[in-house]
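[1] quick one: sequence plus predicted model below, questions after.
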Amino acid sequence: MSYTNDPYDPKQVAYLSPEALDEAVANAREAFDAAENLDELTAVKHRHLGDKAPILLARREIGALPPAAKADAGKRVNMAKSAATAAYDARAQVLQKQDQERVLREEAVDVTLPTVPRRRGARHPINLMADRITDIFVGMGYAVTEGPEVESEWFSFDALNIHADHPARTMMDTFYVAAPNKEHSGLVLRPHTSPVQIHTMIEQEPPIYAVAPGRVYRTDEVDATHSPVFHQTEGLVVDKGITMAHLKGTLDHFARAMFGPSVKTRLRPSYFPFTEPSAEMDVWFEAHKDGPRWIEWGGCGMVNPRVLTACGIDPDVYSGFAFGMGIDRALMLRHGIADMRDMFDGDVRFPLALGTEE
Ligand code: DAH
């Protein structure tokens, strides 16, 4: 907008008179003070401090004044603007404080009110046991690795030296998911966690110290000691100069950490295609419900050089040991659970009965 200052028109500059400015400030202050909340204050702000407010219109008219009058008028307008702004700010502060106090009052929570008690959920004892086992190995510097539950036959068998016509292929009653095709060598629900060894060796360079807890599947009928879904922890070490003594020492330490300092372990000769020599690990169990005895707890052995080779590791440079143990079995032993079905039927009182609730 342009105003010419010639000729000087007093009507056009009426907003600039000291009285008009005083009045504008007084009106603004009154309106701000009358606002009862921040919304109302915002609404009246526009009228008194917005573009079309008398004080702002006055400022625009300064241009129309003769040069000599400009400085004086400018000062007046600025003072009026500051006074109105200060009135606004002061009111805004008061209302904000009131608003905060209202929020605090209205939204206050009485933490002393009684509540309806709710039972917390608990992690399943099998998961807790898996974590306990894993933690002991992590404490020895092992990494935790994982593999898929729907697994290729190559990882589940071939790479583990269990070839198609090998009798051991039928040792594990496997769920077959898909026949071989161009992309994979057939898919199964993994019948053990040993294929995770293969993933680990293919993906990582030795030295390898790894544990792999996980779910496994076999075509077993459900009864007190069998379930088609159960859990294992696989362990794998590949490094230079690894011997069977390292395996025995590791399993001893593990069994004592798990079941107490008086626990003994023993290795019995056994056979697994993926280890050579192979052994069965037994744990001497004092607190067994039918009296102290050796309990079979898992398989183990020195990684078969053929398995190392299948994974691209030179068996002349590296050697390793591996083991696989049942998690469900460990839980049954530790808590004297006689029927495996109790672990899976989802009764929320089960962890309470075991005292494993966390
Ligand atoms: N995979 C075997 C099973 O499910 C257990 C096992 C035995 C794992 C020996 C191993 C091992 O790593 O070395 O029965």
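    Yep, it's here.

[2] how about the residue in the stretch 151-300 of the chain that the ligand sits nearest to, secondary structure?
    Here the residue of the stretch 151-300 of the chain nearest the ligand is residue 299; by CB to the nearest ligand atom that distance is 2.5 Å. Where you see a C-beta, it was placed from the backbone N, CA and C, and this is true even at glycine. Of the three states, residue 299 takes strand under DSSP: H, G, I helix; E, B strand; the rest coil.

[3] so what's it up against?
    270, 272, 275, 278, 279, 280, 281, 323, 324 (CB atoms under 8 Å, 6 or more residues apart in numbering).

[4] filter those residues by proximity to the ligand?
    Contacts with the ligand within the contacts of residue 299, counted by CB under 6 Å from any ligand atom: 272, 275, 323, 324.

[5] burial of the second one, as a residue count?
    By other CB atoms under 10 Å, the residues close to residue 275 number 25.

[6] got the confidence number for the nearest residue in space to it that is not next to it in sequence?
    Nearest residue to residue 275, sequence neighbours excluded (CB to CB, 6 or more residues apart in numbering): residue 301, at 2.6 Å. On the pLDDT scale, residue 301 is placed at 98.

[7] ok, what's across the strand from residue 301?
    residue 278, residue 322 (DSSP bridges).

[8] can you get me a residue count around it?
    Around residue 301 there are 25 residues (other CB under 10 Å).

[9] list the buried residues for the lowest-mean-pLDDT helix or strand in the chain?
    Confidence across the helices and strands of the chain bottoms out at helix 349-354, with a mean of 73, counting by mean pLDDT, DSSP states H and E. Within helix 349-354, the residues scored as buried using 16 or more other CB atoms under 10 Å are 350, 351, 354.

[10] could I get these as JSON lines with distance to residue 235?
    Formatted as JSON lines, the buried residues of helix 349-354 follow (distance: CB to CB, whole Å):
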{"residue": "350", "distance to residue 235": "28"}
{"residue": "351", "distance to residue 235": "26"}
{"residue": "354", "distance to residue 235": "25"}
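
[11] shaky segments in this protein?
    1-13, 168, 170-171, 352, 355-358 (pLDDT under 70).

[12] in it, which spans are strands?
    143-144, 150-152, 175-178, 187-189, 208-217, 229-239, 265-272, 275-285, 293-303, 319-326 (DSSP state E).

[13] can I get those in JSON lines with distance to residue 61?
    Below are the strands of the chain laid out as JSON lines (distance: least, CB to CB, whole Å):
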{"stretch": "strand 143-144", "distance to residue 61": "78"}
{"stretch": "strand 150-152", "distance to residue 61": "82"}
{"stretch": "strand 175-178", "distance to residue 61": "86"}
{"stretch": "strand 187-189", "distance to residue 61": "86"}
{"stretch": "strand 208-217", "distance to residue 61": "82"}
{"stretch": "strand 229-239", "distance to residue 61": "86"}
{"stretch": "strand 265-272", "distance to residue 61": "99"}
{"stretch": "strand 275-285", "distance to residue 61": "98"}
{"stretch": "strand 293-303", "distance to residue 61": "94"}
{"stretch": "strand 319-326", "distance to residue 61": "92"}
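
[14] next, the nearest residue to residue 344 once chain neighbours are set aside: phi, psi?
    Among residues not flanking residue 344 along the chain, residue 227 sits closest, at 6.3 Å (CB to CB, 6+ apart). When read as degrees, to the nearest 10, the backbone of residue 227 gives phi -150, psi 140.

[15] for the buried residues of helix 349-354, give me a markdown table that also has distance to the ligand.
    As requested, those are exported to a markdown table (distance: CB to the nearest ligand atom, whole Å):
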| residue | distance to the ligand |
| --- | --- |
| 350 | 25 |
| 351 | 26 |
| 354 | 25 |
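
[16] closest one of those to residue 95?
    residue 351 (54.7 Å; CB to CB).

[17] surely that closest one meets residue 124?
    Yes - here residue 351 reaches residue 124: they are 7.1 Å apart, a contact under CB atoms under 8 Å.

[18] how far away is residue 221 from residue 189?
    Distance from residue 221 to residue 189, counting by CB to CB, to the nearest Å: 16 Å.

[19] can you give me how far stretch 297-309 is from the chain middle?
    In terms of CA atoms, centre = their mean, to the nearest Å, the centre of stretch 297-309 is found 34 Å from the chain centre.

[20] which parts of that stretch are buried?
    In stretch 297-309, counting by 16+ other CB under 10 Å, buried: 297, 298, 299, 300, 301, 302, 303, 304, 305, 307, 308.

[21] residues in this protein within reach of the ligand, list them.
    Applying CB under 6 Å from any ligand atom, we find that the chain lies next to the ligand at 192, 194, 234, 272, 275, 299, 300, 301, 322, 323, 324.

[22] swap the cut-off to 5 Å and go again
    192, 194, 272, 275, 299, 300, 301, 322, 324 (CB under 5 Å from any ligand atom).

[23] what is the neighbour count of residue 15?
    By the criterion of other CB under 10 Å, residue 15 has 21 neighbours.

[24] again, but for residue 74
    What residue 74 shows, counting by other CB under 10 Å, is a neighbour count of 14.

[25] would you mind writing the CA trace of stretch 62-80 as PDB?
    Output in PDB follows, covering the C-alpha atoms of stretch 62-80 (Å, rounded to 0.1, in the frame of the first residue of the first chain):
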ATOM      1  CA  ILE A  62       3.500   7.100   9.200                       C
ATOM      2  CA  GLY A  63       4.500   7.200   5.600                       C
ATOM      3  CA  ALA A  64       1.800   9.800   4.900                       C
ATOM      4  CA  LEU A  65       3.300  12.300   7.400                       C
ATOM      5  CA  PRO A  66       5.400  15.200   6.600                       C
ATOM      6  CA  PRO A  67       9.100  14.200   7.200                       C
ATOM      7  CA  ALA A  68       9.400  16.300  10.300                       C
ATOM      8  CA  ALA A  69       6.500  14.500  12.000                       C
ATOM      9  CA  LYS A  70       7.700  11.000  11.200                       C
ATOM     10  CA  ALA A  71      10.200  10.400  14.000                       C
ATOM     11  CA  ASP A  72       7.800  11.500  16.700                       C
ATOM     12  CA  ALA A  73       4.900   9.400  15.300                       C
ATOM     13  CA  GLY A  74       7.100   6.400  14.900                       C
ATOM     14  CA  LYS A  75       8.200   6.500  18.500                       C
ATOM     15  CA  ARG A  76       4.600   6.800  19.600                       C
ATOM     16  CA  VAL A  77       3.500   3.800  17.500                       C
ATOM     17  CA  ASN A  78       6.400   1.700  18.700                       C
ATOM     18  CA  MET A  79       5.600   2.500  22.300                       C
ATOM     19  CA  ALA A  80       2.000   1.700  21.800                       C
END
